[in-house]
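Visitor: can you look at this prediction? I've put the sequence above it.
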Amino acid sequence: GDSVTQMEGPVTLSEEAFLTINCTYTATGYPSLFWYVQYPGEGLQLLLKATKADDKGSNKGFEATYRKETTSFHLEKGSVQVSDSAVYFCALIDIYNQGGKLIFGQGTELSVKP
Amino acid sequence: DTAVSQTPKYLVTQMGNDKSIKCEQNLGHDTMYWYKQDSKKFLKIMFSYNNKELIINETVPNRFSPKSPDKAHLNLHINSLELGDSAVYFCASSRGRGNTIYFGEGSWLTVV
């Protein structure tokens, strides 16, 4: 079945460092791809999305490009802030194979130090 | 206005009790979901309803029963609570299947 794999956390960075969180997926159909963020003690917020190959999603300085050839959707940010400390989830929806349910990666915890 | 709201946010209860979590969305969506987040933060779908009809029912103990009185509400009732039910339960909604899913703030359930 479809699946999502993220890089292991926790990831610890200094403020203003460059962030990459790797995400790869396995899908038989043509999924839409998402990044969600969960700040400590809070719910899940949609960060960005891409619905087809070569689309780039972006929001709040974060961006990710849907790469069909490498089945990847890596999250990047040029300069992280302490307030970006959170757990980041990569996810996919494959309507043709999984009926529209959101399948998550295991989450990557990011900690940004001042 | 909160788009997807669920109550209660925190719930501490004893083993064997029955409890409900309520969810409402004001986004005009027709599809609603319940997801469970375990202690390792792994998220998995439990149920999905489209226009009040159950369309996804993952392998969940039948102590868990969802109810959708209308398109804007999806409640989760849990009977005979067990220690292993301790988790965060997220309600979510989308406009149809396969579209972007928006989540509520979560309900932190602790069974003691």
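Guide: That came in fine, so what should we check first? Residues are numbered from 1 along each chain as shown, chains lettered A, B, ... in the order given.

Visitor: which residues touch B:Val4?
Guide: Neighbour list for B:Val4: B:Cys23, B:Glu24, B:Gln25, B:Leu27, B:Cys91, B:Ala92, B:Ser93, B:Tyr102, B:Phe103, B:Gly104, B:Glu105 [criterion: Cβ atoms under 8 Å, 6 or more residues apart in numbering or on different chains]. Using the backbone N, CA and C atoms, a C-beta is placed for each residue, glycine as well.

Visitor: again, only this time at 10 Å
Guide: A:43, B:23-27, B:29, B:32-33, B:74, B:90-93, B:101-105 (Cβ atoms under 10 Å, 6 or more residues apart in numbering or on different chains).

Visitor: pLDDT weak spots in chain A?
Guide: For chain A, applying pLDDT under 70 flags the ranges A:97-98.

Visitor: any idea which helix or strand carries the residue nearest the centre of chain B?
Guide: Geometric centre of chain B, nearest residue: B:Trp34, 3.3 Å, by Cα atoms, centre = their mean. For B:Trp34, the enclosing helix or strand under DSSP states H and E is strand B:31-37.

Visitor: could you export that strand as CSV, CA atoms only?
Guide: The C-alpha trace of strand B:31-37 is given here as CSV (Å, rounded to 0.1, in the frame of the first residue of the first chain):
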residue,chain,number,x,y,z
THR,B,31,-16.4,14.8,4.5
MET,B,32,-15.2,14.3,8.1
TYR,B,33,-12.6,12.1,9.8
TRP,B,34,-11.3,10.9,13.0
TYR,B,35,-7.5,10.3,13.4
LYS,B,36,-5.6,8.9,16.3
GLN,B,37,-2.2,10.1,17.4
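
Visitor: report the strands that pair with that strand, each with its relative direction.
Guide: strand B:43-50 (antiparallel), strand B:87-94 (antiparallel) (DSSP bridges).

Visitor: give me the low-pLDDT residue ranges for chain B?
Guide: Ranges of chain B meeting pLDDT under 70: B:1-2.

Visitor: which parts of it sit against chain A?
Guide: B:4, B:6, B:9, B:31, B:33, B:35, B:37, B:40-45, B:47-48, B:50, B:55-56, B:58, B:88, B:90-92, B:94, B:96-108 (Cβ under 10 Å from any Cβ of the partner chain).
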